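Undergrad: task: produce atomic coordinates for the following.
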Amino acid sequence: MNKRLKHIGGHYSAKSFDRLTKQIEGKGMLLVVIINTTCEDCQKIQDFINQLKQGLINKLSNLVVCFGYNNDKVHKEEPSGGDKKKTKDSFSEKDEKLKDQKKLADSNLFSWEALPDGHGYAIFTNAGEPQLYPGEFDHDEFKSNVLTTIRRVGSSVRTLAGLPGKREFVEKKRSGIVVEYASSTKTSEISECEQEVAKYQSKLALPVYFCKGLTAEITLVYKGNSLHKNKGLDLEKFLKKMPKLPQDNEA
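TA: The predicted structure is shown next:
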């Protein structure tokens, strides 16, 4: 197996991959995956791992992958009426999970504090801003999210983990230009906007984040507040109307 594709096991802390991330920062991308054996949809992720094993990893020279397996039962959302039982079960299972985690270090199972449900993946292009996809995520978008982020490595474009990532960005009072696009947005439009970011990079006071969401729009977010918004992905039009920022702006 390629050295950049590693099957791992044991219990990892939330910061276990920080050192590796710093080593590849600006040069590559780290993908950390927990494949859950109780989730049928995780076969889609396993298929991608198999493709990497069969040679795809050699074509993706800036990709490093750490993957492992977890057998914690994945909960599907229940209809109303089942909430009380689900809550009770989840507490008892969490207690069991804490007991079991100490044993995992000596097993082939993989648990990671950043993805406590034993299910999901994370994409790192730098140490401070991982894209986390925990719990119930869209497995169909997994491969696309990975390949899109790989394509952006080395560019000034950053990526948020969908609408949950955008929400966290706002809650943490971050600053930046957030480009949101929908599933129906043409790839050519997204690519053109990315090229515009490269064109205006030297003039931009804030980093630009791309985010897959529900609509096509560009938003200026300053310390968690939305200051300016334009429908569509015309970055040039957006920048012409964008208000000036204070000198102490921070991303």
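Undergrad: was I right to think V179 contacts E196?
TA: No. In this structure V179 lies outside contact range of E196 using CB atoms under 8 Å: 9.7 Å. Bear in mind the C-beta positions are built from the backbone N, C-alpha and C, glycine included.
Undergrad: looking at these two, which is more packed in?
TA: V179 (24 against 18; other CB atoms under 10 Å).
Undergrad: before we move on, the earlier item: now for V179 and E196: what residues contact both?
TA: Applying CB atoms under 8 Å, 6 or more residues apart in numbering, one finds that V179 and E196 are jointly contacted by L235.
Undergrad: now do the helices in the chain.
TA: Secondary structure of the chain by DSSP state H: the helices cover 18-24, 43-51, 57-59, 83-104, 142-152, 162-171, 187-200, 235-241.
Undergrad: beta partners of the most centrally placed residue in the chain?
TA: Nearest residue to the geometric centre of the chain (CA atoms, centre = their mean): Q131, 2.4 Å. On the basis of DSSP bridges, Q131 is bridged to I123.
Undergrad: sorry, back to before: weakest of the helices of the chain in terms of mean pLDDT?
TA: The weakest mean pLDDT among the helices of the chain belongs to helix 83-104, with a mean of 47.
Undergrad: quick revisit: any idea how far the residue nearest to the centre of the chain lies from C39?
TA: Remark: distance between Q131 and C39 (CB to CB, to the nearest Å) = 20 Å.
Undergrad: what of L31?
TA: The value you get for L31 to C39, if CB to CB is used, is 18 Å.
Undergrad: repeat that for D47.
TA: From D47 over to C39 the distance is 13 Å, taken as CB to CB.
Undergrad: of the two, who's got more company?
TA: C39 (21 against 11).
Undergrad: go ahead and confirm A205 touches M242.
TA: No. Using CB under 8 Å, A205 is not in contact with M242, being 9.4 Å away.
Undergrad: and those two? Which one has more around it.
TA: Applying other CB under 10 Å to A205 and M242 shows that M242 carries more neighbours, namely 18 against 14.
Undergrad: these two touch, right, the more buried one and T219?
TA: No. Counting by CB under 8 Å, M242 does not reach T219; the two are 10.4 Å apart.
Undergrad: common neighbours of the two, please.
TA: Listed contacts common to M242 and T219 are H228; contacts here mean CB under 8 Å, 6+ apart.
Undergrad: wait, V146 touches L31, no?
TA: Yes. Here V146 reaches L31: they are 6.0 Å apart, a contact under CB under 8 Å.
Undergrad: shared neighbours, those two?
TA: Residues touching both V146 and L31 (CB under 8 Å, 6+ apart) are 63, 123.
Undergrad: which one's more surrounded, these two?
TA: Shown here are V146 and L31; by other CB under 10 Å, L31 has more neighbours (25 against 22).
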